[in-house]
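Novice: task: produce atomic coordinates for the following.
(one chain, ligands or ions: 1)
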Amino acid sequence: MNSMAQPKQAHVTTRRLLDMKQNGEKISVLTAYDYTMARILDRAGIDVILVGDSASNVFSGHNTTLPITVEEIIYHAKAVVKGVQSESSRAMVVVDMPFMSYQISGDEALRNAGKIMKEHECDALKMEGGRVIADSVKRITDVGIPVMGHLGLMPQSIYKYGSYRVRAQDESEAEQLIEDARILEESGAFAVVLEKIPTALAREVTRSLTIPTIGIGAGVECDGQVLVINDILGLNREFHPRFVRQYADLNSLVENAVKQYVQDVRSRSFPSPDESY
Ligand code: KIV
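Specialist: Coordinates of the predicted model:
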């Protein structure tokens, strides 16, 4: 067999994630949208990098994830994949399928899934929804493209919900979610994101599935956790939801660095003779 066709030894695969669940090892996931950040995340040991459609919010400044297009997500995915191509890279790269790139028909879902996969060497796709998209998930996984599901608060449906409040707090929505998770697993999904649901429900779903659950605002008992990189780095001063743990205050760091630079340019202290030719 051609050695180029073999995944790198350390590369995180769908099989590895399943083993992690079985061994009780937690899975770490963060979003990235560009080469530089992907390289840092990979070197820091992240298991999975999600090229999230949250790029629509944090990269492009839209209010929701709805506007991002297939071409735009491919642009971000190409940059991220380049960031994890060194010999020692190990992170799996999962790419979000944009709103309305998979909801119209199974044919269109399959065509767009193939298009996103073929443009670069990402490892898998993510799609929001349960039973409604099950046929498409099955068709996509049947041709060999791994799919990560996404249940609970699904940002592509924000106009239907009318708010970002916690989902599945009542029994009927909780039962529906448990059933949707089962359907996704049956349809071939290799993992499922559970966003903003009660901890007890996330625990029940996690225990009922063979595939790993990846939580965001869904408590500690999911098999892994995902957050948006801009949120953990404190890049957005205005956004502090309860489920985000902020590990740095880059907003202040960057702002102060830029203020200092502006001052140095204006006062002619930059560039110094040492910084000139
Ligand atoms: O787009 C995104 O960033 C996501 C995660 C927050 C799960 O879907």
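Novice: how about Val132, nearest residue that isn't a chain neighbour?
Specialist: Counting by C-beta to C-beta, 6 or more residues apart in numbering, Val132 lies nearest to Gln103, which is 7.8 Å off, once chain neighbours are set aside. C-betas here are computed from N, CA, C, even on glycine.
Novice: need phi/psi at the one you found.
Specialist: For Gln103, the backbone dihedrals are phi -90, psi -20 (criterion: degrees, to the nearest 10).
Novice: the residue of the stretch 51-200 of the chain found nearest the ligand: what's it in contact with?
Specialist: Residue nearest to the ligand within the stretch 51-200 of the chain: Gly52 (2.5 Å; C-beta to the nearest ligand atom). Contacts for Gly52 were tallied using C-beta atoms under 8 Å, 6 or more residues apart in numbering; they are Thr31, Tyr33, Thr65, Asp96, Lys126, Val228.
Novice: go on, Ala181?
Specialist: Gly130, Gly149, Leu151, Val192, Leu194, Val205, Ser208, Leu209, Thr213.
Novice: how much space between the first one and Leu233?
Specialist: With distances defined as C-beta to C-beta, to the nearest Å, the gap from Gly130 to Leu233 amounts to 32 Å.
Novice: of those two, which one has the most company?
Specialist: Gly130 (23 against 19; other C-beta atoms under 10 Å).
Novice: against Leu18, how distant is the closest residue to that one other than its chain neighbours?
Specialist: The spatially closest residue to Gly130, leaving aside those adjacent along the chain, is Asp180, at 2.4 Å (C-beta to C-beta, 6+ apart). According to C-beta to C-beta, Asp180 and Leu18 sit 20 Å apart.
Novice: re the thing from before, buried ones from the contacts of Ala181, can you make that a PyMOL selection?
Specialist: A single PyMOL command selects the buried members of these (16 or more other C-beta atoms under 10 Å):
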select buried, resi 130+149+151+192+194+205+209+213
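Novice: got a markdown table for the contacts of Ala181, with distance to the ligand, secondary structure and pLDDT too?
Specialist: Below are the contacts of Ala181 laid out as a markdown table (distance: C-beta to the nearest ligand atom, whole Å; DSSP: H, G, I helix; E, B strand; the rest coil; pLDDT from 0 to 100):
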| residue | distance to the ligand | secondary structure | pLDDT |
| --- | --- | --- | --- |
| Gly130 | 15 | coil | 98 |
| Gly149 | 11 | strand | 98 |
| Leu151 | 11 | strand | 98 |
| Val192 | 11 | strand | 98 |
| Leu194 | 9 | strand | 98 |
| Val205 | 15 | helix | 98 |
| Ser208 | 20 | helix | 98 |
| Leu209 | 17 | coil | 98 |
| Thr213 | 12 | strand | 99 |
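Novice: hmm, back to that, same for the ligand: which of the contacts of Gly52 are within range?
Specialist: Thr31, Asp96, Val228 (C-beta under 6 Å from any ligand atom).
Novice: wait, the first one touches Ile49, no?
Specialist: If I follow you right, that is Thr31. Yes. Using C-beta atoms under 8 Å, Thr31 is in contact with Ile49, at 7.3 Å.
Novice: list the buried residues in the helix or strand containing Ser136.
Specialist: Assigned by DSSP states H and E, Ser136 belongs to helix 134-142. Across helix 134-142, burial judged by 16+ other C-beta under 10 Å covers Ala134, Ser136, Val137, Lys138, Arg139, Ile140, Thr141.
Novice: what does that helix rub up against?
Specialist: 102, 106, 109-110, 113, 125, 127, 147, 149, 183-184, 186-190.
Novice: go on, stretch 264-277?
Specialist: Taking C-beta under 8 Å, 6+ apart as the rule, stretch 264-277 contacts Tyr261.
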